[in-house]
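Participant: Kindly return the folded structure for what I paste below:
(one chain, ligands or ions: 1)
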Amino acid sequence: MTLRAVVKGVGHYLPERIVPNAEFEQTLDTSDEWIKSRSGIERRHFAAEGENTSHLATKAAKAALADAGLEADDIDAIIVATSTADLTFPSAATMVQAQLGMTKGFAFDVQAVCAGFVFALTNANALIVSGQAKRALVIGAETFSRIMDWEDRATCVLFGDGAGALVLEAEDGKGDKSDRGILATDLNSDGRHKDILYVDGGVSSQTTGYLRMQGKEVFRHAVEKLAKTADTSMAKVGITADEVDWIVPHQANIRIIKGTAKKMNIPMERVVVTVQDHGNTSAASIPLALSVGKANGQIKEGDMIVTEAIGGGLAWGSVVLRW
Ligand code: UT7
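Facilitator: Sure, this is the predicted structure:
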């Protein structure tokens with residue numbers, strides 16, 4: 001028998017304030033038409049003053065626990081993928097732990113920017129299959145609105161705030177691709193590409209900084225690297241494109257999503273797309289899309305799902321799981 005990390009619940013939270021593209025036309029030389037045609041984004045949510053990443057994460061976690069029919073005390077481990085934690089330390093994950101009223105187990109953050117959720121899922125899978133945790137909450141949560149340069153039209157129109165969460169539980173499987181749960185993972189990074197996507201501040205340089213991106217360069221890496229990592233994970237499981245029910249990609253740009261699906265030979269009817277409503281929510285985008293995809297009836301138990309993401313680092317990777 002093979003121990004598998006199986007999804008038992010999913011949930012998300014989006015801040016109340018919705019900002020349509022048109023709002024940026026008032027302060028920047030931009031247009032709804034440019035934003036929509038270049039990125040696919042139509043609106044995004046921004047957190048309210050005083051509403052921080054751990055607050056979004058906790059709400060998503062509560063929704064996922066309710067979906068799983070579990071209580072916070074049933075959880076052994078919390079992993080939060082984020083680049084925008086409330087404080088330098090402690091971790092957002094320990095803050096979520098406290099907000100959930102948990103006094104046992106352990107919690108930590110993972111920082112791999114937009115690829116953070118794929119890295120967090122891979123870590124949670126390792127903890128579960130090695131017997132160190134029976135149930136894990138894996139959360140992607142971000143407040144990227146706090147690191148936007150509102151005068152830089154090339155970046156500030158692209159990002160949004162939000163959180164999504166999964167509850168994973170150890171379950172015995174047969175050890176083949178018919179099992180539910182995480183079936184394969186693939187992680188990569190290449191620090192030589194730091195300058196194409198980064199924040200120009202940080203604790204050690206004693207500033208907060210703003211997100212800086214050479215969009216065209218990131219785009220160029222994205223389609224190629226995402227298709228390749230998805231291929232690698234699928235090969236580990238031994239599945240072909242016809243066996244994939246859903247691609248649930250990082251939601252950065254509809255053109256990247258379409259380009260990657262095309263390279264993978266998977267039609268857009270089998271891709272969960274939320275970028276129009278959420279913008280790029282970095283590490284939150286995949287769990288948000290999983291939660292929305294389940295809520296609207298796309299994702300069902302037994303479906304074969306491929307997730308893939310790339311972001312600052314560069315860091316990128318993929319996870320294949322059967323829902
Ligand atoms: O999640 C992490 C990973 N991030 C990504 O995956 C993002 C990857 N990159 C992208 O999604 C796209 O490159 C962008 C959406 C960022 C940009 O699209 P693009 O088609 O690559 O446009 P561009 O950067 O080449 O800019 C084209 C033109 C430029 O003007 P010129 O030089 O042609 O005169 C920009 O100055 O569009 C201009 N521009 C804008 N115009 C109106 C840039 N931003 C805006 C704007 N409104 N907001």
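Participant: Contacts only, for the residue lying closest to residue 197 once chain neighbours are set aside.
Facilitator: Of all residues not flanking residue 197 in the chain, residue 312 sits nearest, at 4.3 Å (C-beta to C-beta, 6 or more residues apart in numbering). From N, CA and C alone the C-beta is placed, and that goes for glycine too. If a contact means C-beta atoms under 8 Å, 6 or more residues apart in numbering, then residue 312 has 83, 113-114, 194, 197-199 as its contacts.
Participant: what about 10 Å?
Facilitator: By C-beta atoms under 10 Å, 6 or more residues apart in numbering, the contact list for residue 312 reads 83, 111-116, 189, 193-194, 196-199, 211-213, 218, 282.
Participant: again with residue 296
Facilitator: Contacts for residue 296 (C-beta under 10 Å, 6+ apart) come out as 272, 274.
Participant: ok, now residue 32?
Facilitator: 20-25, 41-43, 157.
Participant: repeat for residue 279
Facilitator: Residue 279 sits in contact with 19, 21, 35, 39-46, 144-145, 157-162, 251-253, 285, where contact means C-beta under 10 Å, 6+ apart.
Participant: Run a quick neighbour tally on residue 78.
Facilitator: Burial measure for residue 78: 30 neighbouring residues, criterion other C-beta atoms under 10 Å.
Participant: Also residue 228?
Facilitator: Neighbour count for residue 228, taken as other C-beta under 10 Å: 17.
Participant: Kindly report the same for residue 274.
Facilitator: 23.
Participant: That one touches residue 252, doesn't it?
Facilitator: No: Residue 274 lies out of contact with residue 252 (C-beta atoms under 10 Å); the separation is 11.3 Å.
Participant: Now list whatever residues contact both of the two.
Facilitator: Any residue near both residue 274 and residue 252 by C-beta under 10 Å, 6+ apart counts here, and that gives 281, 285.
Participant: Enumerate the residues of the stretch 201-323 of the chain near the ligand.
Facilitator: Within the stretch 201-323 of the chain, the positions adjacent to the ligand are 215-216, 218-219, 222, 252-253, 256, 280, 310-311 by C-beta under 6 Å from any ligand atom.
Participant: Those residues of the stretch 1-150 of the chain touching the ligand, which are they?
Facilitator: Within the stretch 1-150 of the chain, the positions lying close to the ligand (C-beta under 6 Å from any ligand atom) are 30, 34-35, 38-39, 114.
Participant: coming back round to it: now restrict the residues of the stretch 201-323 of the chain next to the ligand to buried residues only.
Facilitator: 215, 218-219, 222, 252-253, 256, 280, 310-311 (16 or more other C-beta atoms under 10 Å).
Participant: Among those, which one sits closest to residue 78?
Facilitator: Among these, residue 311 lies closest to residue 78 (C-beta to C-beta), at 21.4 Å.
Participant: Spatially, what comes nearest to the closest one if we skip its sequence neighbours?
Facilitator: Using C-beta to C-beta, 6+ apart, the closest residue to residue 311 is residue 114 (2.6 Å).
Participant: show me what contacts residue 44?
Facilitator: Applying C-beta under 10 Å, 6+ apart, the residues contacting residue 44 are 14-15, 17-21, 23, 144-145, 157-162, 275-281.
Participant: Residue 242 reaches residue 264, doesn't it?
Facilitator: No: with contact defined as C-beta under 10 Å, residue 242 does not reach residue 264; the gap is 11.2 Å.
Participant: pLDDT weak spots in the protein?
Facilitator: Applying pLDDT under 70 to the chain flags no residue at all.
Participant: What ranges does it have for its helices?
Facilitator: With DSSP state H as the criterion, the chain has helices at 22-25, 32-39, 53-68, 92-99, 116-129, 153-156, 215-237, 254-263, 275-278, 285-295.
Participant: Provide a list of residues in contact with the residue lying closest to residue 146 once chain neighbours are set aside.
Facilitator: Nearest residue to residue 146 in three dimensions, chain neighbours excluded: residue 84, at 6.0 Å (C-beta to C-beta, 6+ apart). Shown in contact with residue 84 (C-beta under 10 Å, 6+ apart): 47, 52-53, 56, 92, 111, 113, 141-147, 161, 199, 208, 282-284.
Participant: Filter the residues you listed down to just the buried residues.
Facilitator: Buried among these by 16+ other C-beta under 10 Å: 47, 52-53, 56, 92, 111, 113, 141-147, 161, 199, 282-284.
Participant: ok, the residue of the stretch 201-323 of the chain found nearest the ligand - contacts?
Facilitator: The stretch 201-323 of the chain approaches the ligand most closely through residue 215 (2.7 Å), counting by C-beta to the nearest ligand atom. Residues near residue 215 by C-beta under 10 Å, 6+ apart: 38-39, 154-155, 158, 196-197, 252-253.
Participant: Most neighbours out of the residues you listed, which is it?
Facilitator: Among the contacts of residue 215, residue 252 has more neighbours than the rest - 28 neighbours, counting by other C-beta under 10 Å.
Participant: What values do phi and psi take at that residue?
Facilitator: Residue 252 has phi and psi values of phi -110, psi -40 when expressed as degrees, to the nearest 10.
Participant: No further queries at this time; thank you.
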